[in-house]
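Asker: no FASTA, just this:
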């Protein structure tokens with residue numbers, strides 16, 4: 001079984017305004033990957049929301065970019081939604097990825113990563129640090145033993 005994790009790689013683009021990211025997530029059973037572009041402030045919004053999540057029960061936050069509606073003509077759809085799923089305040093992070101591709105290149109996934117509030121708070125802090133654009137890769141694991149921020153890519157790596 002795979003480690004439950006999120007990895008985000010940043011490729012300098014039109015910073016500090018627009019970010020070019022590759023997002024990868026797995027819950028140990030399902031996984032998804034998407035290359036996309038977003039506003040640089042998006043990482044701050046997600047990080048701030050996660051750093052204090054949850055504030056009450058029930059609670060949820062929804063970040064999304066793009067659309068799955070063909071008439072909206074988006075290249076992709078990406079959503080992250082932390083939510084509480086019971087009265088005790090247990091949490092999960094839903095990941096939704098759709099490349100809006102046409103067959104045979106289509107690809108989509110939707111799954112949740114169950115995580116304690118402190119683990120989501122840790123992800124929020126990592127995202128806020130990553131948003132400072134001093135690191136090229138962020139790795140978060142539910143357990144915390146694989147968390148890292150990598151300052152720059154090693155020569156010759158992909």
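Answerer: On my side now, so go ahead. Computed from a predicted structure; not experimentally measured.

Asker: Just say helix, strand or coil for residue 35.
Answerer: Following DSSP: H, G, I helix; E, B strand; the rest coil, we place residue 35 in the strand state.

Asker: how many neighbours does it have?
Answerer: By the criterion of other Cβ atoms under 10 Å, residue 35 has 14 neighbours. Any C-beta I mention is one placed from the backbone N, CA and C, and that applies to glycine too.

Asker: in the sheet, who's paired with it?
Answerer: Counting by DSSP bridges, residue 35 is bridged to residue 22.

Asker: Enumerate every residue touching it.
Answerer: Contact analysis of residue 35 by Cβ atoms under 8 Å, 6 or more residues apart in numbering lists 20, 21, 22, 23.

Asker: so how far is the helix ranked longest in the chain from its chain's centroid?
Answerer: Longest helix of the chain, by residue count under DSSP state H: helix 117-130. Distance, stretch centre to chain centre, for helix 117-130: 11 Å (Cα atoms, centre = their mean, to the nearest Å).

Asker: what's it in contact with?
Answerer: So helix 117-130 is contacted by 6, 8, 10, 43-44, 46-54, 82, 89, 91, 93, 115, 135, 138, 140, 142-144, 147, 149 (Cβ under 8 Å, 6+ apart).

Asker: If we use 7 Å, what do you get?
Answerer: 6, 8, 43-44, 46-51, 53-54, 82, 89, 91, 93, 138, 140, 142, 144, 147, 149 (Cβ atoms under 7 Å, 6 or more residues apart in numbering).

Asker: same question, stretch 95-103
Answerer: 25, 32, 34, 68, 74-80, 106-111, 113.
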